[in-house]
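In: next come a sequence and a model predicted from it.
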Protein chains: 2
Amino acid sequence: MSDYIRDGAEIYQRSFATIRAEADLSALPADVARVTVRMIHACGMVDLPRDVAFSPGVVSRARQALRDGAPILCDAEMVAAGVTRARLPRDNEVICTLRDPRVPGLAAGLGTTRSAAALDLWGDRLGGAVIAIGNAPTALFRLLELVAAGAPRPAAVLGIPVGFIGAAESKVALAGSGLDHLVVHGRRGGSAMAAAAVNAIASDKE
Amino acid sequence: MSDYIRDGAEIYQRSFATIRAEADLSALPADVARVTVRMIHACGMVDLPRDVAFSPGVVSRARQALRDGAPILCDAEMVAAGVTRARLPRDNEVICTLRDPRVPGLAAGLGTTRSAAALDLWGDRLGGAVIAIGNAPTALFRLLELVAAGAPRPAAVLGIPVGFIGAAESKVALAGSGLDHLVVHGRRGGSAMAAAAVNAIASDKE
């Protein structure tokens, strides 16, 4: 037990080297591969690349948005908690509205989940934002409804909800929506992966 | 897109039914199976049970500790953010010391990661606590060192760090430590799974 590696930088370096040795990243452009390496680091699974899909240029556009000061809008507090503030280029706002006291009433009125209703409080901040959905498929569906109804368009949507009911379908819908996106297709996903994607996009630092 | 399920309770119910239909939970006692179902819900992978290991009675002991008012000590802010406060039986404290300003200095002094050094600030709160490690293998190794050196023993350790360097080894070490534990062996794990385990233990509510 006493001989485990204690140096944080060495742990990161060895982790990323292991991932790059084991994962097949050959189908991905370099910037998406970098994001995928960090998502693999967050979940421990090197077979993740087979489920990663994206629109061309999404990583550079999301990064530019952050450099321009765009907020990061998250569906879950865990996603927001996982964003490393020191990596953000403009001390960007990281926003999750799920615990806003208006959300339960909104959800009841809309007949939907609190996760979905919380998006209605994003308002004009949607325009040009980087969206990180790491938990609720209903939140991703709601985002697509809002945009279809004329809400301001985000710069990029990281669509990485997890689960068994609606998760896979919501990611297919995002990929077909015309919005700039990066998704992990299927049931896998989650707040750690979504936060890892934000952290990879936010900075070149390993 | 417009016909997705919007009812939160129905989504939970259908999700858990899908998991119970697909996952092989036959090797697990009922209370560990229930925790495992919620961990599967958090990661989207029904093959998780093969990696779940535990000491006999860990779930009931952890639950009793929470009913007695024990704190929940977390290695990462994401784990703390994922604990559903409404499920806690005694409004238990949920503690993560990683952002304490003393941590960088402690880490430098100990020659270890900030995640590991943060545990040195748990102090006497360790005694009888429920520990949720969802991120850093070094934090789990450090916990074992502290207990071996005579620190107060926690009631239960949910050892679910993720990753490529030390994660699997730290969980093997925990399983052999004599501490009451629940682990997900191998590289998989993470803050969402760790928080899900806490949430399952905290309450019988689905």
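Out: That came through, no problem.
In: what ranges does chain A have for its strands?
Out: A:52-54, A:72-74, A:94-95, A:130-133, A:156-159, A:181-184 (DSSP state E).
In: and A:Gly178, how many neighbours does it have?
Out: Counted with other C-beta atoms under 10 Å in any protein chain shown, the neighbours of A:Gly178 add up to 12. In short, each C-beta sits where N, CA and C put it, glycine included.
In: chain B versus that one, what's the distance?
Out: Going from A:Gly178 to chain B by C-beta to the nearest C-beta, to the nearest Å gives 13 Å.
In: what sits against that residue?
Out: Counting by C-beta atoms under 8 Å, 6 or more residues apart in numbering or on different chains, A:Gly178 makes contact with nothing.
In: quick one: pLDDT of it?
Out: pLDDT recorded at A:Gly178 is 97.
In: check the one 10 residues further on too.
Out: Model confidence at A:Arg188, given as pLDDT, is 98.
In: burial of the residue lying closest to it once chain neighbours are set aside, as a residue count?
Out: Distances taken as C-beta to C-beta, 6 or more residues apart in numbering or on different chains place B:Gly44 nearest to A:Arg188, at 4.6 Å, with adjacent residues excluded. By other C-beta under 10 Å, the residues close to B:Gly44 number 22.
In: which pLDDT value goes with B:Gly44?
Out: In this model, B:Gly44 is scored at 97, pLDDT.
In: thinking again about what came up before, okay if I get the strands of chain A as JSON lines plus mean neighbour count and distance to A:Arg114?
Out: Formatted as JSON lines, the strands of chain A follow (neighbours: other C-beta atoms under 10 Å in any protein chain shown; distance: least, C-beta to C-beta, whole Å):
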{"stretch": "strand A:52-54", "mean neighbour count": "20", "distance to A:Arg114": "28"}
{"stretch": "strand A:72-74", "mean neighbour count": "27", "distance to A:Arg114": "14"}
{"stretch": "strand A:94-95", "mean neighbour count": "18", "distance to A:Arg114": "16"}
{"stretch": "strand A:130-133", "mean neighbour count": "30", "distance to A:Arg114": "14"}
{"stretch": "strand A:156-159", "mean neighbour count": "31", "distance to A:Arg114": "19"}
{"stretch": "strand A:181-184", "mean neighbour count": "26", "distance to A:Arg114": "23"}
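In: nearest to chain B, of the ones you listed?
Out: strand A:181-184 (9.4 Å; C-beta to the nearest C-beta).
In: and A:Trp122, how far from A:Pro56?
Out: Distance, A:Trp122 to A:Pro56, using C-beta to C-beta, to the nearest Å: 26 Å.
In: quick check on A:Ser203: phi, psi?
Out: Dihedral pair for A:Ser203: phi -150, psi 150, per degrees, to the nearest 10.
In: follow-up on the earlier one: which one of A:Trp122 and A:Pro56 has more residues nearby?
Out: Set side by side, A:Trp122 and A:Pro56 show more neighbours around A:Trp122, with 22 against 10, by other C-beta under 10 Å.
In: report pLDDT for the nearest residue to that one once chain neighbours are set aside.
Out: In this structure, A:Trp122 finds its nearest non-sequential neighbour in A:Leu73, 5.4 Å apart by C-beta to C-beta, 6+ apart. As predicted, A:Leu73 sits at a pLDDT of 98.
In: ok, what's across the strand from A:Leu73?
Out: A:Ile95, A:Ile131 (DSSP bridges).
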